Every structure is written in structure tokens, then in C-alpha cells.
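Chemist: A predicted structure for the sequence below; I have some questions about it.
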Amino acid sequence: METSERIALYAIVFNLSLVLFKYFLAIYSGSLALKAEVIHSLTDVITSLTILVGIKLSKRKSPSFPYGLYKVENLVSLGVSLLIVAAGVEIVKVAFGKAVYPHIPRLPLTVGGVGLGMLGAFFFSGYEYHKGRELNSPSLISDAQHLRSDVLSALAIMAGLIGEYLGFRLDRVVASLVAIFIVKAGIGIFIDSIKVLLDASVDFSTLDRVKTIVLSFPAVEEVKAIWGRSSGRYKFIELVITLKIRDLQKAHFISQQIEKKIKEEISHVDHVLIHYEPKTKEFVVYAVPLNQDRNTISDHFGDAPYFYFCKLKPSEGKIYAERIELNPYASISKGKGIRVSKWLLTEGVDVVLSKMDLSGRGPFFVLSEAGVTIEVVPFKTLTEAKEAIINLREPSR
């Protein structure tokens with residue numbers, strides 16, 4: 001039995017115990033209000049039973065319901081919200097009814113018993129609400145708020161008993177205020193349930209967190225669209241992103257990593273659907289490591305004294321801009337390859353032509369994760385590399 005089911009079972013046991021306690025207290029005191037409260041508490045038992053059934057059903061999946069029956073919890077929550085509103089109306093009816101509080105000879109013990117039951121309901125409803133928030137269970141949260149209405153109902157009964165003893169009808173004033181709070185809580189749960197059932201978007205802060213997580217991946221160029229909806233205690237996220245890479249296998253791997261990280265950092269995410277598309281660029285930027293003579297291609301990567309950059313328009317096979325830059329990290333002793341890789345990323349490089357095979361090395365992981373293509377070439381001179389760049393038109397991915 002999972003935690004949510006166990007909490008629902010606790011609620012059933014607690015409500016049954018409360019019904020028995022109120023029943024004996026009503027017999028002992030002779031209070032008509034307490035007898036009416038026993039009947040009211042019986043509906044709490046039925047509500048808790050319904051919630052337990054709803055939680056069990058919500059976990060099931062079938063071909064007819066491929067996305068699960070998670071919204072059963074929201075349906076149950078919707079029903080509970082109506083019961084909460086009805087409870088508020090009932091409190092007013094009891095308070096404004098006739099002969100509700102006859103003379104009670106055992107008033108101190110009766111008030112003490114009502115107060116004891118009220119404290120029990122208060123603490124258990126707090127516990128259930130805390131667990132409902134922790135598990136993101138709408139049915140447990142609504143049940144806790146329903147039980148909290150019993151606390152307020154007991155407060156109205158106590159006010160009526162004490163007021164009757166003192167010769168005042170305080171119950172009507174207290175009951176009216178209590179009913180307002182109860183009905184307000186019921187309407188709030190009703191609106192929240194309807195929103196989920198109508199697939200309203202999840203809150204903005206959650207969507208913003210998802211976007212931040214996605215953009216933390218170097219291979220992601222842009223988050224073009226993001227949607228999210230709730231279903232019971234779970235969230236469903238859908239994304240349209242632009243990747244800097246074209247290789248489908250790499251793109252699929254990155255999307256799996258994105259999904260994994262979203263589920264790790266945001267609780268109760270059941271499903272993440274990612275639509276990815278390659279980044280379309282008018283220009284492709286190439287980088288080639290050069291020796292000191294600035295003409296021959298270096299056998300090294302991080303140690304290369306210079307780097308040649310050019311901007312090619314693939315559709316025309318024409319180089320629009322080119323330059324040679326001094327390698328700012330060639331003289332450092334450690335980590336030069338990774339630092340050079342990060343520098344190339346800031347220069348907007350799409351393709352690196354290298355005589356050195358970088359597979360399995362730090363620079364390879366930095367560049368490939370950002371969607372940069374690394375091509376091992378046999379060329380000796382920059383002239384040969386430029387001719388290949390012009391003829392290649394489009395880098396292999």
C-alpha cells in the first residue's frame with residue numbers, strides 16, 4: 001500500500017472513531033446539535049472511503065486510458081468540494097434552527113468532549129493536509145480541508161452550548177462566520193478541480209523552471225514553445241526545442257537527458273514529450289588549428305598557436321568572412337584543450353577541422369555536447385582546407 005492509500009485509510013479509521021465518540025457524547029449530553037453532528041460525520045467516512053477508491057483507481061492505466069486515470073482524484077476532489085459547501089450551509093441551518101440547544105445538565109463535560117474531538121480533527125486534518133501537499137494529492141488535500149470544516153463546525157456547536165448556558169445565542173454569529181470560511185474553501189477546491197479537468201496550464205513558475213533546465217544544455221539553441229497540464233497529482237510537460245545538432249541519434253540522446261533532468265528537479269512529473277528540430281543557419285562557421293607559420297595545419301589542438309576562422313554560406317559555397325586569431329590558451333600548462341573548446345564556442349563555431357582525433361578527450365565532449373561537428377582531415381595546408389570547406393558546402397552531422 002503506497003503512502004497516499006495509507007493516509008486515506010488512516011482518515012477512514014479516524015472518521016469512524018470520531019463518529020463513535022460523537023455518538024456517545026450526544027447520548028450522554030442529550031444535545032440535538034451533537035446528534036446532527038454524528039450524521040454529518042458519517043458523510044466524512046463515506047468521503048474518505050471514496051477518496052481511497054479514487055486513489056486506487058487513479059493509478060491504473062489501460063489501452064482505453066493510455067494517459068492513466070490520474071484525474072479520478074480531481075473528480076473525487078470536485079465531489080468533496082460540494083460536500084464542503086453543503087457542510088457550511090448545514091452549519092447555518094443547525095445554528096438558526098429551533099430548540100437546537102436544550103438545557104444540558106452536563107454542560108462542562110459536554111463542552112470538554114466537543115473540544116477534545118475538535119482538537120483531534122484539527123491535528124489530523126493538519127497531518128493529512130501536509131501529506132497531501134507532500135504527495136501532491138488533490139483528493140487528500142480536499143479531504144483534509146473537509147475535515148477542517150468539521151473543526152469549525154465543532155467550534156460553532158461549542159459557541160452555541162456556552163451561549164445557551166449564559167443565556168445568549170452566540171451560535172448564530174459564530175456559525176455565519178464559520179460558514180463563510182467553509183464555503184470559500186469549498187469553492188476554491190471546486191475551481192482548482194475544474195481547472196485540472198479542463199487541462200488548464202500548470203503554474204508559470206513551474207514552466208519557467210522547466211525552461212531554465214532545458215536551456216542549461218549547451219546543445220539547445222532555443223525553447224520555441226512549452227506547455228504543461230496537471231492530471232491528478234502528476235504533471236505532463238510538452239516542449240518544442242531547437243537543437244544545434246542534426247544527428248538524430250545525438251538529438252534523441254539529448255532529449256532523454258533533458259527529460260531525466262526535468263523529472264529529477266521537478267516533483268511529480270509523469271511524462272515529458274519533446275519535439276526537437278535542427279537549428280537552421282544561413283552561415284556556418286569553421287575553425288582550423290594552424291602552426292606558427294599561419295599556413296600549415298597544426299597536428300595539435302590545444303597547443304596550436306593560431307586558429308583560422310571563416311564564415312561560409314552553404315547555399316552559395318562562398319566564404320563571406322575569414323580571419324586568423326592567436327590562440328589565447330596555447331601557453332598555459334593544464335586544461336588548454338577544454339579552454340580552447342569553450343573559446344571556440346564563444347566564437348560561434350559550428351565545425352572544427354582537425355588533424356588530431358579528439359574522440360574520447362575533454363575537447364570532444366565540450367564541443368559535441370554543444371552540437372559542434374569535429375571532422376578529422378588529412379590536409380596539410382590551409383589552402384587545402386579552404387577548398388574542402390567550399391566544396392563541402394554542408395558539414396556532415
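Modeler: Alright, I've got the coordinates.
Chemist: which regions of the stretch 51-200 of the chain sit below the pLDDT cut-off?
Modeler: Applying pLDDT under 70 to the stretch 51-200 of the chain picks out residues 58-68, 91, 94-95, 97-106, 164-165, 167-179, 181-182, 199.
Chemist: Mind doing that once more with 90?
Modeler: 51-122, 125, 128-129, 131-200 (pLDDT under 90).
Chemist: where exactly do the helices run in it?
Modeler: Assigned by DSSP state H, counting those that start in this stretch, the helices in the stretch 51-200 of the chain fall at 72-95, 107-135, 138-166, 170-197.
Chemist: got the angle for the second one vs helix 138-166?
Modeler: Right, helix 107-135. Angle of helix 107-135 versus helix 138-166, following axes from the mean of the first three to the mean of the last three C-alpha atoms, to 10 degrees, is 160 degrees.
Chemist: For helix 107-135, buried residues please.
Modeler: By neighbour count on 16 or more other C-beta atoms under 10 Å, the buried set for helix 107-135 is 107, 110-111, 113-114, 117-118, 120-122, 124-125, 128-129, 131-132, 135. Where you see a C-beta, it was placed from the backbone N, CA and C, and this is true even at glycine.
Chemist: other SSEs contacting it?
Modeler: Applying 3 or more C-beta pairs under 8 Å, 6 or more residues apart in numbering; DSSP states H and E, we find helix 107-135 packed against helix 3-29, helix 138-166.
Chemist: And the strands in the stretch 251-397 of the chain, which stretches?
Modeler: Here the stretch 251-397 of the chain has its strands, by DSSP state E, counting those that start in this stretch, at 269-278, 284-290, 306-313, 318-326, 351-354, 373-376.
Chemist: how near is the residue of the chain positioned farthest from its centre to Y286?
Modeler: In the chain, the residue that sits farthest from the middle, by C-alpha atoms, centre = their mean, is D293; the gap is 56.3 Å. Distance, D293 to Y286, using C-beta to C-beta, to the nearest Å: 19 Å.
Chemist: what does I374 give?
Modeler: Applying C-beta to C-beta to I374 and Y286 gives a distance of 11 Å.
Chemist: Compare neighbour counts for those two and give me the winner.
Modeler: Taking neighbours as other C-beta atoms under 10 Å, I374 and Y286 compare with Y286 leading, 24 against 19.
Chemist: Verify the contact between the more buried one and V351 for me.
Modeler: Yes: if you go by C-beta atoms under 8 Å, Y286 and V351 touch, sitting 5.0 Å apart.
Chemist: Please tell me the pLDDT value assigned to the residue farthest from the centre of the chain.
Modeler: Predicted confidence (pLDDT) for D293: 93.
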